[in-house]
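**Q** Return a 3D structure for these sequence lines:
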Amino acid sequence: MKILIVEDDPASRRLMLAYLEPLGRCTEAADGHEALSAFTWAHELGEPFDLICLDIMMPSMTGHEVLKTIRHFEEERDIDSPVKVIMTTALKDRDNVMAAFCNQCEAYLVKPLEREKLLEQIQTLGLTSA
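**A** Model prediction:
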């Protein structure tokens, strides 16, 4: 599995990497612009990501904006198997949860992340037999 971890906090990024590295090849992005560069580059190489774990609160570009851009990219290119996106954020208010699902995320996990819940969600999405 190919995984993109999008998280501006280095400690949170390291934790997610520790959780996800056993499941596949992980790429890290510290902000939305890095995430979109990695996402489009992976498509150009013909090796798209299977999973993106995406924080909402990031500098310069929010996770909501990143997700909208990803879904627009996939729609424009008529991609049959869109990437699975799990929002991983400290925000648990109704507006952010609703916005994430309106932007077509598959799951929403509130920090602090629990390894078991993350792996369970990945399994529910059919990405691994965690």
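
**Q** got a list of what Thr27 touches?
**A** Going by Cβ atoms under 8 Å, 6 or more residues apart in numbering, Thr27 touches 2-5, 38, 42, 49. For every residue, glycine as well, the C-beta is placed using N, CA and C.

**Q** Include distance to Thr62 when you put the residues you listed into TSV, please.
**A** Converted to TSV, those look like this (distance: Cβ to Cβ, whole Å):
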residue	distance to Thr62
Lys2	23
Ile3	20
Leu4	16
Ile5	16
Ala38	17
Ala42	21
Phe49	19
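
**Q** Would you point out the most distant pair within these?
**A** The two members of those with the most space between them (Cβ to Cβ) are Ile5 and Ala42, at 13.3 Å.

**Q** Can you show me the helices along this structure?
**A** 10-20, 32-44, 63-76, 94-102, 115-124 (DSSP state H).

**Q** how about the ones you listed, which one is nearest Cys53?
**A** Smallest distance to Cys53 across the helices of the chain (Cβ to Cβ): 5.9 Å, for helix 10-20.

**Q** and that closest one, what other elements does it pack with?
**A** Where contact means 3 or more Cβ pairs under 8 Å, 6 or more residues apart in numbering; DSSP states H and E, helix 10-20 is packed against strand 2-6, strand 25-29, helix 115-124.
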